[in-house]
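Q: Need coordinates for the below:
(one chain, ligands or ions: 1)
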Amino acid sequence: MKTKKLFYQRSATSFEAILNFYQTGKLHIPNQVCPKSFKLELDFWQVGMDNLDQCCLHKYLIFRSNADIMDTFHAHDNKDDEDNNVENTS
Ligand SMILES: [Zn+2]
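A: I've put the predicted structure just below:
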């Protein structure tokens, strides 16, 4: 029987990046990984986003601000819905 390995059902690409962080002290978001899903991996391994290297921190912040803009659009949509449902406050 071969060596029993503890297998984590996690993204191998993200895991490699995190493993690399432990070895080199530098954390980068893999190109093919969505920053949001990478953040979830970091949460799982309890690695803070503040460990990201400058380049990828920048990438993540751009992603975040885009996500915030999307949220603003959704918030606007919801507001329109509310406006259409005129409340009767009598
Ligand atoms: Zn980077």
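
Q: drop to CA atoms for contacts and neighbour counts, all remaining ones
A: OK.

Q: And the average pLDDT for the host helix or strand of S65 is what?
A: Element membership for S65 (DSSP states H and E) is helix 54-84. Helix 54-84 comes out with an average pLDDT of 83.

Q: Give me the distance from that helix to the chain's centre.
A: Counting by CA atoms, centre = their mean, to the nearest Å, helix 54-84 is centred 14 Å from the centre of its parent chain.

Q: in it, what's buried?
A: The neighbour-count check on helix 54-84 (16 or more other CA atoms under 10 Å) flags 56-57, 60 as buried.

Q: Could you do stretch 36-55 as well?
A: 38-39, 41-42, 47, 49, 52-53.

Q: which residues touch that stretch?
A: Residues outside stretch 36-55 that contact it (CA atoms under 8 Å, 6 or more residues apart in numbering): 10-11, 14-15, 18, 26-29, 57.

Q: Can you say which of those residues are buried?
A: 14-15, 18, 27-29, 57.

Q: Of the residues you listed, which are in range of the ion?
A: H28 (CA under 5 Å from the ion).

Q: Pull the most distant pair out of the buried ones among the contacts of stretch 36-55.
A: F15 and L57 (17.6 Å; CA to CA).

Q: Can you list which of the contacts of stretch 36-55 are found in helices?
A: Judged by DSSP state H, these include 14-15, 18, 57 as members of helices.

Q: Next, work out how far apart M70 and D77 are.
A: 11 Å (CA to CA, to the nearest Å).

Q: what's the spacing between the residue nearest the centre of the chain and N66?
A: Among the residues of the chain, the one closest to the centroid is K36, at 2.0 Å (CA atoms, centre = their mean). Here K36 is placed at a distance of 12 Å from N66 (CA to CA).

Q: ok, now H76?
A: Taken as CA to CA, the span from H76 to N66 is 15 Å.

Q: one step back: let me know the angle separating the stretch of helix or strand the residue nearest to the centre of the chain belongs to from helix 54-84.
A: In the assignment (DSSP H and E), K36 maps to helix 35-44. For helix 35-44 against helix 54-84, the angle by axes from the mean of the first three to the mean of the last three CA atoms, to 10 degrees is 110 degrees.
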